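> Please work out how this folds:
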Amino acid sequence: MKPYKTLVLSILLGVLTATASYVYIIESQKRTLQEELIELSMVKYGLFNVDVWKAELTEIISRRINEFELEQDREEELRERISSFLDSAVDELEESFNEHNSGSVKGFIKKNVASLTDVFGVMKEDIPVITESIIRFIRDPENRALAQEFLIKKMEEYSDKTFSEVDYSSYNLILQKYGYDTKEEAIQGIKSRIDKKRTQRLPFSIFIFSSVIILFVYLLFTSSHKPIHYLLLTIICAVLLGVGLLLPMINIDARVSEMNFQLLGETISFTDQVLYFKSKSILEVVSLMVLNAKIDVVLVGILVFSFSVLFPVSKLIASTIYLYKPEYREQKWIKFLVFKTAKWSMADVMVVAIFMAYIGFSGIISEQLKDLETIVTHVDMMTTNASSLEVGFYFFTSFAVLSNLVSHKIMYGKEF
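Prediction:
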């Protein structure tokens, strides 16, 4: 096996590098699709969108006005109210007329003419006829349409004065990019594309992690290796580290999976409303923190960078020097980097995962869930935590485990 060990490891390195690169490309494409899907599913385009509420209320108002029918008992009550109102209106008109025309000759003549013709009495006699005309007016479908138009117009005026306009630039770009007409079509289409990307990636991911397991078991049960073998293994670790640093480790995803409530006798439903989403790689997290204005956040970013990038890369470089520069093997800093920093890499898996989870859930509490405090009490709502570990986490963990074992073998099972 020994004569072929170098060839096998070289081939495996080439295949793993190509495969990891392909996985990175597929994951990057999937990540773009996922970000676009999240954008379309955000509450600003659904539950917290004034245009959606306008559409819902418009439909409810239209349906209610079209369904409007006067029941017999309600019609009689309405007729009595209209008659009473008209009778009072005529009395007030007569009183106002007499007051206005008192104290002058012209007014005296008008009052006498009105009295002789009994104009106000005639008006009262016509009240039943006028009442029936009003009832017919209410029943007329054309007048219902006018009332519907008036109510919708007023609702739009009030909402425009109350709420700010929604920025649809990103929304429209996504629909235009994929040629969809509606948000629902776009969401279903993008979900289908994401599923295809997952299917594409799966066999390559299985190959990579199976190879890492095989290498781990092989190293565990073998002792001596040549420097070239350790070098090839170190490069394999570097490939795993690079992809692990560039791809997201964890997705923080909180959303309202379903929300139902009654409004004006109608059920209004919202589904899959994203409240908060964050997906960052280690390098992206470090970049965001280092560029932050707060010194404490910058310091934490430097620590994360040290644990996740500086120590692992230094360890890989030091391992190469240790293998091919015998004069440096007794240097304390070389020994420290090769044999002592592995535990820092393992600790970072936990540190970064906990830290990103902290950022995500703190954001949920402080930025998103406070908006739900204003929602009415009688609401049937189901929320879900769709957070998940991403492939970057497994790449980084594979690097940490494999590099730790390689360091152990360099120290105790060397053949130089």
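> what about stretch 13-33, distance to the chain center?
Mean C-alpha position of stretch 13-33 versus that of the full chain (C-alpha atoms, centre = their mean, to the nearest Å) differs by 25 Å.
> now stretch 393-411
35 Å.
> now stretch 18-35
With C-alpha atoms, centre = their mean, you get 20 Å for stretch 18-35.
> Rounded mean pLDDT for it, please.
Stretch 18-35 carries an average pLDDT of 94.
> can you pull the alpha-carbon coordinates of it into PDB?
What follows is stretch 18-35, C-alpha atoms only, in PDB (Å, rounded to 0.1, in the frame of the first residue of the first chain):
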ATOM      1  CA  ALA A  18     -12.800  19.800  -7.300                       C
ATOM      2  CA  THR A  19     -15.800  18.400  -5.400                       C
ATOM      3  CA  ALA A  20     -15.500  21.000  -2.600                       C
ATOM      4  CA  SER A  21     -15.300  23.800  -5.200                       C
ATOM      5  CA  TYR A  22     -18.400  22.500  -6.900                       C
ATOM      6  CA  VAL A  23     -20.300  22.300  -3.600                       C
ATOM      7  CA  TYR A  24     -19.200  25.900  -2.900                       C
ATOM      8  CA  ILE A  25     -20.600  27.000  -6.200                       C
ATOM      9  CA  ILE A  26     -23.900  25.100  -5.800                       C
ATOM     10  CA  GLU A  27     -24.200  26.400  -2.200                       C
ATOM     11  CA  SER A  28     -23.600  30.000  -3.300                       C
ATOM     12  CA  GLN A  29     -26.300  29.700  -6.000                       C
ATOM     13  CA  LYS A  30     -28.700  28.100  -3.400                       C
ATOM     14  CA  ARG A  31     -27.900  30.900  -1.000                       C
ATOM     15  CA  THR A  32     -28.800  33.500  -3.500                       C
ATOM     16  CA  LEU A  33     -32.100  31.700  -4.200                       C
ATOM     17  CA  GLN A  34     -32.700  31.400  -0.500                       C
ATOM     18  CA  GLU A  35     -32.100  35.100   0.200                       C
END
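> Name the residues of that stretch that come out as buried.
Neighbour-count burial for stretch 18-35 flags Thr19, Ala20, Val23, Tyr24, Ile26, Glu27, Gln29, Lys30, Arg31, Leu33, Gln34 (criterion: 16 or more other C-beta atoms under 10 Å). Placement of C-beta: from N, CA and C, glycine included.
> what's the closest non-adjacent residue to the first one?
It stands for Thr19. Nearest residue to Thr19, sequence neighbours excluded (C-beta to C-beta, 6 or more residues apart in numbering): Phe204, at 5.0 Å.
> ok, and what's touching stretch 121-132?
The contact list for stretch 121-132 (C-beta atoms under 8 Å, 6 or more residues apart in numbering) reads Arg79, Ile82, Ser83, Leu86, Asp87, Val90, Leu93.
> got CSV for those residues, with neighbour count too?
Output for the contacts of stretch 121-132, formatted as CSV (neighbours: other C-beta atoms under 10 Å):
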residue, neighbour count
Arg79, 16
Ile82, 19
Ser83, 17
Leu86, 18
Asp87, 14
Val90, 18
Leu93, 13
